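Colleague: let me see the structure of the following:
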Amino acid sequence: MKRLSAVLLLTGILALVCACAARDPAGSSPELVLRYAENQPEDYPTTRAAHYFADLVEQRTQGRIRVRVYADGELGDEVSVLEQMSYGGIDLARASLSTLMVECPALMVLQLPYLYEDAGQMWRVLDGEIGEDFLSATRRSGVVGLSWFDAGSRSFYTCTPVSSLEDLKGLRIRVQENDLMSGMVAALGAEPVQIPYNDVYSAIMSGKVDGAENNWPSYASTGHYEGARYVYLDEHSRVPEMQLMSTVALDSVMALDEDYYTILRQCAEESARYERELWAQTEQKAEEDMLERGCVITIPTAADQTLLREKMQPFYDELTDEQKALVARIRAS
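Modeller: Coordinates of the predicted model:
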């Protein structure tokens, strides 16, 4: 009798466990695991947003899809990651347009210097029809754009004082690995040096370069200020970043459920809004921290600002008629 009671009790417990599992499918093993590459550290806005995206995806697919985020460049630098995404070796990533432009030249327009009046205009463009067209354009490169992340505005920082454009002449400045950025720096009389992001710190500290250009959070989080504490706040470009999915991964998602692509897009857009909030907070704090650490900030004079735009005008003059029309649409937004 006792044995029968024990069996009945065990049966009841198993039934309860199975019932709970049925109510909580997210606790079961996922049917599809996607790898997300991020080259920034765990506490960086884009990485935190990637984890937020992963949580949303798992919740809204009832645990059928799980996203694993690999931060701090664990899966390689951006160039390597995009190569792996082209054949499905990596499923998701956040990438700068400067890197993505190599495979998707149409994105060049969004990197033109002084394209927008301010951040508000940029988001009106990217969250609208023009931005959606650019997200779709990446499909030719084996990836599909999901959403836009903020990456602030980019300025120069150097190992020696720079108080005017004249002081930039002859300096070796690290740039991202694309020819547009190299051309911009060369137009200012400096020498562009293309170096992967993860190698910039050692290049600055060893004297291989005399400075670089980037946004406040990157400048602070990487420790670049330790060797280059002079910031020339010219804000020459305001280039967003993109959340991407491999088209190979997209096929796997669609095979699981055709509605899941729409769900992933919604999760990506929500994580992008979250990233923008984090970015604004992080950017302000980074600037304050750098001032406390003794970094010297120089704001270009009105004359230098005018000269900067004049020196960048040839990039606009060389655009095709179609690109010029697109620039006109952007500036009218």
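Colleague: every contact and neighbour count from this point should use C-alpha atoms.
Modeller: Will do.
Colleague: what residues of the particular helix or strand that has residue 268 in it count as buried?
Modeller: For residue 268, the element it lies in under DSSP states H and E is helix 260-292. Buried residues in helix 260-292, defined by neighbour count with 16 or more other Cα atoms under 10 Å: 260-261, 264-276, 278-279, 282-283, 286-287, 290.
Colleague: mind giving me the packing neighbours of it?
Modeller: Helices and strands touching helix 260-292, by 3 or more Cα pairs under 8 Å, 6 or more residues apart in numbering; DSSP states H and E, are helix 45-60, strand 143-149, helix 216-221, helix 247-256.
Colleague: least reliable of those going by mean pLDDT?
Modeller: Comparing mean pLDDT across these, the weakest is helix 216-221, with a mean of 93.
Colleague: next SSE downstream of that helix?
Modeller: Tracing the chain C-terminally past helix 216-221 and defining elements by DSSP H and E, one meets strand 230-237 next.
Colleague: quick revisit: ok now the helix holding residue 268, how far from the chain's centre?
Modeller: The chain centre lies 10 Å from the centre of helix 260-292; the measure is Cα atoms, centre = their mean, to the nearest Å.
Colleague: could you check the angle helix 45-60 makes with that helix?
Modeller: Helix 260-292 and helix 45-60 are oriented at 150 degrees to each other (axes from the mean of the first three to the mean of the last three Cα atoms, to 10 degrees).
Colleague: contacts only, for the residue nearest to residue 264 when sequence neighbours are not counted.
Modeller: Distances taken as Cα to Cα, 6 or more residues apart in numbering place residue 57 nearest to residue 264, at 6.4 Å, with adjacent residues excluded. The contact partners of residue 57, taken as Cα atoms under 8 Å, 6 or more residues apart in numbering, are 63, 65-67, 263-264, 267.
Colleague: which residues touch the residue most central in space within the chain?
Modeller: Against the mean C-alpha coordinate of the chain, by Cα atoms, centre = their mean, the closest residue is residue 241 at 3.6 Å. Going by Cα under 8 Å, 6+ apart, residue 241 touches 94-97, 148-151.
Colleague: likewise for residue 134?
Modeller: 106-107, 145.
Colleague: repeat for residue 259
Modeller: Residues counted as contacts of residue 259 (Cα under 8 Å, 6+ apart): none.
Colleague: confidence score at it?
Modeller: pLDDT, residue 259: 97.
Colleague: same check on residue 140?
Modeller: 79.
Colleague: just give the closest residue to it, not the sequence neighbours.
Modeller: residue 104 (7.4 Å).
Colleague: shouldn't that neighbour be in contact with residue 142?
Modeller: No. If you go by Cα atoms under 8 Å, residue 104 and residue 142 don't touch, sitting 10.0 Å apart.
Colleague: distance of residue 310 from residue 192?
Modeller: 19 Å (Cα to Cα, to the nearest Å).
Colleague: mind checking which of those two has more residues around it?
Modeller: Of the pair residue 310 and residue 192, residue 192 is the one with more neighbours under other Cα atoms under 10 Å, namely 24 against 10.
Colleague: does the more buried one sit in a helix, a strand or a coil?
Modeller: What DSSP: H, G, I helix; E, B strand; the rest coil gives for residue 192 is strand.
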